[in-house]
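*Asks:* the sequence isn't on hand, but the structure is:
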Ligand code: NDP
């Protein structure tokens, strides 16, 4: 079994971006909007800020009260849409229930939508047109690429169909010529399907939902899940036992999560290049 080391791949990606950024006159700009003080969101925003500063990006962190009105949040985004020094806008999810998440995601200009979650970018991805893609699935594609794992013709089974991970990953895999099965909470005989996977991706959010008897020998396993139990982080895969059968597997932590941050760095640079080209 070989580990798919997200930490290592992230390091390489950031090193390459940093070198490129050093040559630029105007620095790429990222703005993260955070609503409220959710502890997990604080951790994620912190990671993004660290990454942006490490890369030499301009970084702006806008913190809004948890009770902020929809109109106020929209005003902030409209202003950032017009701000030429900001190439990427990211609204940290989840938003409090009283806010219209879909509307907010679609208000961000598609060429600044570095989370790739707007309907426009999601549609472009399905149609295999160049676009800003969601960071986590993009990170999965890139970590597989780094380890020279070709997905063409492979049976890829993805457990979880969220707009953030499962669905965009299915599109990316299809665009790369994999044969894809997308499973979810209503899937019957999950084990029968996962056993057929050459590459199995777990993006559910339930510790140990993937066990040893659900996978075939030599399977490649990508664990997206982040589950906090008694202060410790776990994925969705029973790592200890599944890893005895797998040919490759991502650890948690140190796998997909690391890639997600690196891909945000990539997306900001991509948006920046588009803006420079059109300025
Ligand atoms: P969601 O809650 O949006 O989606 C979970 C998916 O899992 C749904 O499609 C749901 O099905 C499916 N599901 C739930 N229970 C079962 C079950 N028993 N069998 C099969 N499928 C099931 O989660 P996200 O996609 O946002 O995140 C998934 C996990 O990945 C979480 O742990 C999250 O923290 C983590 N994550 C990690 C990231 C990283 O950088 N490493 C980034 C983003 C997320 P249905 O649609 O039918 O409800």
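*Replies:* Received, thanks. None of the values given here were measured: they were computed from a predicted structure.
*Asks:* where does residue 56 land on pLDDT?
*Replies:* Listed pLDDT for residue 56 reads 98.
*Asks:* correct me if wrong: it contacts residue 21.
*Replies:* Yes - assessed by Cβ atoms under 8 Å, residue 56 is found in contact with residue 21 at 4.7 Å. The C-beta positions use only the backbone N, C-alpha and C, and glycine is treated the same way.
*Asks:* who touches both of those two?
*Replies:* Residues touching both residue 56 and residue 21 by Cβ atoms under 8 Å, 6 or more residues apart in numbering: residue 27.
*Asks:* between these two, which one's more packed in?
*Replies:* More crowded of residue 56 and residue 21, by other Cβ atoms under 10 Å: residue 21, with 18 against 15.
*Asks:* what distance do you get for the more buried one to residue 80?
*Replies:* 20 Å (Cβ to Cβ, to the nearest Å).
*Asks:* apart from its neighbours in sequence, what residue is nearest residue 179?
*Replies:* Using Cβ to Cβ, 6 or more residues apart in numbering and skipping the chain neighbours, the partner closest in space to residue 179 is residue 155 (5.4 Å).
*Asks:* quick one, what contacts the one you found?
*Replies:* With contact taken as Cβ under 8 Å, 6+ apart, residue 155 is in contact with 178-179, 181, 196-199.
*Asks:* tell me which of these is nearest to the ligand?
*Replies:* Within the contacts of residue 155, the smallest distance to the ligand is 11.9 Å, found for residue 181 (Cβ to the nearest ligand atom).
*Asks:* doesn't that closest one fall inside a strand?
*Replies:* Yes - assessed by DSSP: H, G, I helix; E, B strand; the rest coil, residue 181 belongs to a strand.
*Asks:* give me the buried entries from the contacts of residue 155.
*Replies:* Listed as buried from the contacts of residue 155 are 178, 181, 197-199; burial here means 16 or more other Cβ atoms under 10 Å.
*Asks:* sort out which of these are in strands and list them.
*Replies:* Among the buried ones among the contacts of residue 155, DSSP state E puts 181, 199 in strands.
*Asks:* now do the SS call for residue 253.
*Replies:* Secondary structure, three-state DSSP: residue 253 is coil.
*Asks:* what does residue 59 give?
*Replies:* Residue 59 is classified as strand under three-state DSSP.
*Asks:* my guess is it contacts residue 46. True?
*Replies:* No - using Cβ under 8 Å, residue 59 makes no contact with residue 46, being 11.4 Å away.
*Asks:* out of these two, which sits in the busier spot?
*Replies:* residue 59 (19 against 12).
*Asks:* show me the contacts for that one.
*Replies:* So, once contact is read as Cβ under 8 Å, 6+ apart, residue 59 ends up touching 29-32, 49, 52-53.
*Asks:* and those, which is closest to the ligand?
*Replies:* Distances from the ligand to the contacts of residue 59, taken by Cβ to the nearest ligand atom, are shortest for residue 32, at 15.2 Å.
*Asks:* tell me which element the closest one falls in.
*Replies:* For residue 32, the host element (DSSP states H and E) is strand 29-35.
*Asks:* per-residue pLDDT, residue 224?
*Replies:* At residue 224, the pLDDT value in this model is 98.
*Asks:* again but with residue 279, I slipped
*Replies:* At residue 279, the model reports a pLDDT of 88.
*Asks:* for it, give me its contacts.
*Replies:* residue 84.
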